Every structure is written in C-alpha cells, then in structure tokens.
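> what's the 3D shape of this:
(chains A and B)
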Amino acid sequence: MSGYTPELKELIRKVEATRPARVEKARKGEHFPALTLEQRQEWLRKYHPDYKNDGRRKVLVGPNRGAELPEEIAALLESKSRIDPLAIDLKRTDYEADLLVIGAGGAGTAAALAAQEAGLKVLVSTKLRHGDSNTVMAEGGIQGATQEGDSPYLHYLDVIGGGHFSNVPELVAALTNDAPLIIHWLEGLGMMFDKMPDGRMKVRHGGGTCRKRMHSSGDMTGAEIMRVVRDEARNRSGDIKILEFSPAVELILDEEGRAAGAVLYNLETKEYYVARARAVLIATGGFGRLHIQGFPTTNHYGATADGCVMAYRAGVRLQDMDSTQYHPTGAIFPEQNVGLLITEKVRGLGAQILNAEGEQFCFPLEPRDVESACIIRECLDIGKGVATPTGRSGVWLDSPMIDMLHGEGTVRKELPAKYIQFKRYDMDISKSPMLIYPTLHYQNGGILINEWAETGVKGLYSAGEVAGGVHGRNRLMGNSLLDVLVFGRRAGLRAAEYAKSNRPGVKLTLRHVEAFNREVEEAGIDGARTAPILLPDYSPDHVRARQVG
Amino acid sequence: MSEDKKPLKPLATGDRTIPPEGAKMIPIYIMGREYMVPETLTIMKAVEYAGYTYIRGCGCRGGICGACGTFYRFLGDYRLRSGLACQTVAGPNMVIMQLPFFPLNRPDYVLDEIKGNPHEELRRLYPEVFKCIGCGTCTRTCPMDIDVMDYIALMKRGDLKGAAHKSFDCVMCGLCASRCPAQITQFMAAMFVRRVYGKYILPRAGHLERRVSEVKGGKYEKALKGLAAMKQDEVKKLYVEREREPDLAEPGKWMPRDVTNL
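Coordinates of the predicted model:
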C-alpha cells in the first residue's frame, strides 16, 4: 500500500477500525437501510447533476426544437454538416451491401451476425477498430433471468423501477424477455461465463436488483463478450465486411425518404465515400466524451454522439437526451486512474461505501443515480469526503471486505483487471480500500426506437447506447450489455426482413442535410461548429494557442 | 458546517491534463522527437499534452481494449520495454513508439464443427504454436503480466482448459506476436482455445436450457404484456413489494415465498 500518501494512510486506519464490526454485520445479512422511493426523489433533486438547471438551454433546431438540453448536447445538435452535400457524387457508389451497420461495438456486431444468419451481406463501418466501444469496457456483468427463483417478470420490475418508471414499457418487455436467449447465444459462441462445477451460472446482485441475475466473466464481461462476437464476425468475413477508421458522417436517404446508405469518411486519407445499402443501422454508442458538465468519463475515446447527430438531421426524434448516468464509483486516486470505472461488482461482492470517518452513509447497492447522489451529498454537503493530493474529493470503497466475506484470494480471482490496474501503482485493493467519486458513464436517452429497433425513418434502425427509452432516466448495472445484444440482434433480424421485402430506392439524396444546414443558418446560431466531431481534442491551451494555421 | 471544514470541490477537467501549479516537467521522446511534459502523466496523456491527437493507438483509455500497445526505452539503457500507453506512466528520457497495428495470422474456422478433437484442430489452424522455441520474450513483453509462453506450452500439451484460463486476461494488443521469433500469433490462438473451451469443455448450464425453452414457448409474453399495459401506480406497488433474494443464497437453491410470477 505504499502507493498511498501518509495522509491517506492515516485515514485508511479509520476504515480498518470500523471494518471488523461491519463485516460481522454483513455476515448476518444486516445492511445499511436503503432509501424509500420518496427519499430517492429528494436526494436526486438536491444532489444529482441531471437536476441542476445551470448549464442547460433550449435547443433551437431540429425535431426536438424547444427541448431543454445540456449545453454540450444542444450545441452539438445545432452544428452544421462536415461536408458540402453538393460536393458528394452520389451516383458513384464506393461500397454496396444489403445492410450497412454504423458502429462496430457490441450492438453493431450482434446485428451484423444476426443479419448474416438471415442471409444478408453486411458492411460495418466504424470510426476506430472493430470492438473499440463501451461494450469492451463493461466489467461487472450481464443480467438475465435464468435461475429458477427468477423470471423476466421480476427482471422487468427491477428495470422499470430502477428507471423511475420513465422507461418505454414495450422496450423493457423485449429486453427482459430476450435476456435468457442472449445468455444462451453467448454460451453457444463459446463465451467463458463464470460457472459452478456442474455448469450452473454463477449469479450476483447488482444495484437495484431483487434477484441475483448478474452473469459474469471475471471482471472483463464486456471485453469477453466483445472478443467472442468479434471473433465470430471474423469467421464470417465472406459476408461481413468491416471498414475500420471509416466513420459515417451523414446518412443518405432515397427519393421516398427511406434510409439508403451513408457518407463514410476515411480518417487517414480524409476521403469521403458513398456506401449504399437497403437498410441502415445506427449503433454508434454514447456521448461520454462530450464531458457533460465537465465530468471525467469512463467512456472509450470514440464516444462522441455521432449517431444522434446524423439521425437528428435525417428527422429522427431523440428522447431523454438530458439524462446522463454518473457511475457512482469512478476512481479518483491515483491521478493516473481518474475516471477509471470501478465495477459495481465490487459492491455486489459486499464492499461498502464509507466516508472519511470510516462510517457507512448509504446502502451500497441503490440504483446508480441514487448512489451517486448519496456520494455527492456526503462530499459536498455533509463535508465528510476524503481529499486527494490533486484536490479531488471522494469516498472509500472498502474492497478488503470482499476477501473477508468470501475467502482469501476472492479479489484477485473475481476482479483480476481492477487488481492489476491498482497494483501498477503499488496499491493492493484486496488489502486497502479505493477512493472513488461519480463519473460520467452512460447516455440514458437517445434515438427513439420501438421494440424492433425501428426508428421514425423507414429502413433505419438503431440499437445500443445511441438509442433511448430502454432504461428510462437511469440504467441498472448489467442491462447495457444485455441491451446492445438484444436490440442489436432484433435490429439485424428486422432489417433482414425489411431488406428482403422492399425494393431499394433508385435515387440517393442528401437534401435533408442541405435543409438542416439552412435551418441552422436561419436560426441565426453564431459560430455553429461542424459535427459529428468524431474525435475529442485533449491538446492543452499552450498547444492550441500555437495552432494558428 | 464551519468554514474551515468546507470540502474541496472535485476538479472537473474531463480528460484534458491541467498540471498542478509547479509541476515538474520532464523530457520524453515521441518517435524520437523531444517534448517537455509534466511528470506523473500516462504515456497517452503525455502524448496528448505534447499536442498529438490520436487516430490510431487509442481506444478505451482504461487498459482493456488493447489499442495502445507501446514499446519504449530509456536513453542510455539497452533494455526494450513495453506497456499500454494508457496505463504506463511516462518517465524522464523515455523514448516512445506506439504500435498502431500489427499484421496477424488468423485462420477462419467454424466453431460448431469442432467437436471431435479440438487439440488437433488447433494444430491444423496454428501449426506455428508447436514450433515455440521457449525464449519467453512474449511473457516479458505482455503488458497484462500474462505468462504467454506458459499458455503456449499448455496448448502444445493439449491442456486447453489451462491455456484458456491462463490467457483469460488478454487484451489482444498484439505486442507478444510482434516480438515472437517463432512468428506465432499467440493471442489469436488463445482466442480460438478460449472459445473451444467455453463451448465444449465448460459444462453447459442446464437451468439456462430449460429457461430458454420456456421463453421460446412464449411463457412470459402474457405477463410482460400485462405489466407493460399496467397503470404506473400498480407497477410501483409491485416494485416496492418485491422480495429481495439474500446476498449469500446459493444459486438454484433459494426460492421466493411468492412463486406466482416465476
């Protein structure tokens, strides 16, 4: 534990002092009382960043004109196209496929596999590498009611209660009904689930669950899912073509306003290509890299809301874009790990959240937004946060309890990736607690879809984090890995039916982009930037000051 | 709350590096060119601080995607070192080269058709695995501290379970393959072995099989439709009344008091 400063070591002693009694209670199944539904609402209103009114304004253009959104998102939706639509020669097709999948994370890859099984030729265009996505970073698990004491009915209640009853019910029903099918599909693809010797799935609780239905693969569940589905897609490379470092920047429609392809951009040669398809799926993931309200993020480098921007210009409505999930446990120490996700599995295994005095102040498995609000309250209002050497404030996550509750070596075995990430900085999380604070984790809202991942534009589908409504205004752990696969596969299947039964459009058009650019100009938006932004810019001020050309 | 106890507001700086006042600056060499950067940054943040915008070589920024495999040396030290740029702290006089891409050998296969002898299939797909010379460079190179040479040895012996578990932490960055004198693409062979192990060697979940046939038979559709059509107050009531499965209950053994909705 020499990675800690002397001041922090001193405070860790307070945690150690209260630990034996806390472990004793946990063994008896006694825990800190959870908040009531009324208290949850009060805590959220007072302490959750979503409920703060500064930093929001009405968006001035597009299908959601008039909606109150965070500044970062409003500005993005009001930006102009990167391309001059008239300069793109739509008569020259560079790529052609039955289905164009935009984005190659979990949802895009699952859709590609499902569509290929239904007989389609699939083109997948993606901004970074195949698999670079938030899917790969999801750690703790994937939910599914597979055990005898559980059912999709109870899973449904957990999802919609966790979302404060703001979810779209039909989407929740689809999610929870298909969950066992998805777990089974993954098992058949050779995923290494955590199992008992007889093959029974090991399952755990997550925040807001009434049953233990979190299936896992170490603490690399998302990485394992991604590498398995990607490997399978590679085995089908005859039918599934992957274009890396080639993000889509605009959708292409046909003369009837149906989705008919996209303009792709080669990040390296800076060429634009025309990709033509009978159906299009947007699976571009979330917006973490917009750093809403300046929060650090757990998201991967490409999470810049490209899909929302493109769909919006094609006339697709977005929902709940003002709702952002702050994961309660982002690392804030050491500085190198800031923003790093500490999986909820740590709390699922029994680690408690403690203030600077080593005291519990909340039930450790509240729904994520409530848990985050509790931590923000403890640090900013109660004033019992722990200060780091770089001026951050947070609370303890008492991981050493895990070995005490489940046996020596459990941390190393169940949380191998986390263990290594702290060991690098000379901290053993099986012996000392971690310092955490909420971090921007997930885009709750997004493109409006129905239970078959269809959008308001014919032939256009959307699945995964870029789509909204499944989780309402708050998502529970283990339901995003499920979401990307359920709706990815549903989109692939439905797109296949559609592509086979509809004759493709004749004339391609970008007129919706011209019209949108005009609308931005007419709204008199000063200095509208161009989007999708594709890559975040982290260069420091002194460099930017010299980039004058 | 007294004034002196007022807590510090967390710094909200996204991922841009704002070095603290008086931070010590150190020289690093990005592909040979010198830049001064604040100490304690990861290689990735140091490269961005120097003014680079990544296209390749940057993915999750959290040590799990394998996009940022990096080789480096310190000036005056003959040893070639390796790590992930997002996880390795940049030190003074570090000479850095990231590996943005590495050509790999990955033969296609059909998982459903590998039933008989997966070890033989491994030999057919990756004959080079069996030509490992045991130099251990892969193990020394692995940024995830995986004993790569050991899992290759297990593969040669036919211990696919051992190889699957030993290679489990792999992020597929490709550093091992880039240094292998026997030209093995270790991490791709391991991917194949893990899937074979997951599908054919790990016992299948019987309870899952049963649940899948229930779902496919439409067992839950009516109940879910009912919930979706229900008034919010009624759903709230059902939500609040849920019984919570005890944390330490044994999977498959515990049953709730109310079994009507299972």
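
> Phi and psi next, for A:T324.
When read as degrees, to the nearest 10, the backbone of A:T324 gives phi -120, psi 140.

> What's opposite it in the beta bridge?
A:Q443 (DSSP bridges).

> got the contact list for residue 235?
The chain I'm using is chain A. B:108-111 (CB atoms under 8 Å, 6 or more residues apart in numbering or on different chains). For glycine as for every other residue, the C-beta is placed from the backbone atoms N, C-alpha and C.

> Let me rephrase: I mean chain B.
By CB under 8 Å, 6+ apart, B:V235 lies in contact with A:157, A:160-161, A:165, B:227.

> Check B:L84 too.
Contact analysis of B:L84 by CB under 8 Å, 6+ apart lists B:63, B:66, B:68-70, B:143, B:171, B:173.

> Narrow those residues to those in strands?
B:69-70 (DSSP state E).

> Return the member of the contacts of B:L84 nearest to chain A.
Of all these, chain A sits closest to B:G63, with 5.6 Å by CB to the nearest CB.

> Excluding covalently adjacent residues, which one is nearest to B:R106?
Leaving aside its sequence neighbours, B:R106 sits nearest to B:M188 (CB to CB, 6 or more residues apart in numbering or on different chains; 4.7 Å).

> Flag every residue of the stretch 401-549 of chain A that's near chain B.
Residues of the stretch 401-549 of chain A lying close to chain B by CB under 8 Å from any CB of the partner chain are A:416-417, A:420-421, A:424, A:437, A:535-540, A:543, A:547.

> buried sites along stretch B:142-154?
B:142-144, B:146, B:148-154 (16 or more other CB atoms under 10 Å in any protein chain shown).

> Apply the buried test to the residues of the stretch 401-549 of chain A next to chain B and list what passes.
A:416-417, A:420-421, A:424, A:437, A:535-536, A:538-540, A:543.

> thinking again about what came up before, could the contacts of A:N235 be laid out in CSV, adding pLDDT and neighbour count?
What follows is the contacts of A:N235, written out as CSV (pLDDT from 0 to 100; neighbours: other CB atoms under 10 Å in any protein chain shown):
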residue, pLDDT, neighbour count
B:D108, 97, 10
B:Y109, 97, 18
B:V110, 97, 8
B:L111, 97, 20
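
> Quick one: low-confidence residue ranges for the chain.
Picking chain A for this. A:1-2 (pLDDT under 70).

> Oops, wrong one, chain B.
B:1-21.

> center of it, which residue is that?
B:I64 (3.6 Å; CA atoms, centre = their mean).

> Who are the contact partners of that one?
Applying CB under 8 Å, 6+ apart to B:I64 gives the contacts A:136-137, A:220, A:223, A:417, B:171.

> And it, how close does it get to A:Q147?
Distance of B:I64 to A:Q147, computed by CB to CB, to the nearest Å: 28 Å.

> Check A:H155 too.
From A:H155 to A:Q147 the distance is 11 Å (CB to CB).

> Then B:C138?
Relative to A:Q147, and taking CB to CB, B:C138 is found at 40 Å.

> Can you tell me which of the contacts of A:N235 is nearest A:S237?
B:D108 (6.8 Å; CB to CB).

> and that closest one, which of the three is it?
Classification of B:D108 by DSSP: H, G, I helix; E, B strand; the rest coil places it in coil.

> so it touches A:R234, yeah?
Yes - using CB atoms under 8 Å, B:D108 makes contact with A:R234 at a distance of 7.1 Å.

> Buried by neighbour count, from the contacts of B:I64: which ones?
Neighbour counting with 16+ other CB under 10 Å marks A:136-137, A:220, A:223, A:417, B:171 as buried within the contacts of B:I64.

> Any chance of a markdown table for those, columns distance to A:P63 and secondary structure?
Below are these laid out as a markdown table (distance: CB to CB, whole Å; DSSP: H, G, I helix; E, B strand; the rest coil):
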| residue | distance to A:P63 | secondary structure |
| --- | --- | --- |
| A:V136 | 31 | helix |
| A:M137 | 30 | helix |
| A:M220 | 38 | coil |
| A:A223 | 36 | helix |
| A:A417 | 40 | helix |
| B:V171 | 40 | coil |
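
> Let me know the closest of the residues you listed to A:E16.
Proximity of those to A:E16 (CB to CB) peaks at A:A417, which lies at 25.2 Å.

> wait, the closest one sits on A:S217?
No - using CB under 8 Å, A:A417 is not in contact with A:S217; the gap is 10.9 Å.

> And for stretch A:526-541, what's in contact with it?
Contacts with stretch A:526-541, where a contact means CB under 8 Å, 6+ apart, come from A:75-76, A:78-82, A:127, A:247, A:249, A:265, A:267, A:289, A:291, A:301-302, A:304-306, A:309-310, A:520-521, A:547, B:14-18, B:45, B:48-49, B:51-55.

> on that earlier part again, return every residue with contacts to both of A:H155 and A:Q147.
A:211, A:213.

> buried stuff in stretch A:96-108?
Across stretch A:96-108, burial judged by 16+ other CB under 10 Å covers A:97-108.

> Those: which ones sit near chain B?
Among those, no residue lies close to chain B (CB under 8 Å from any CB).

> TSV for those, including secondary structure?
Below are the buried residues of stretch A:96-108 laid out as TSV (three-state DSSP):
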residue	secondary structure
A:A97	strand
A:D98	strand
A:L99	strand
A:L100	strand
A:V101	strand
A:I102	strand
A:G103	coil
A:A104	coil
A:G105	coil
A:G106	helix
A:A107	helix
A:G108	helix
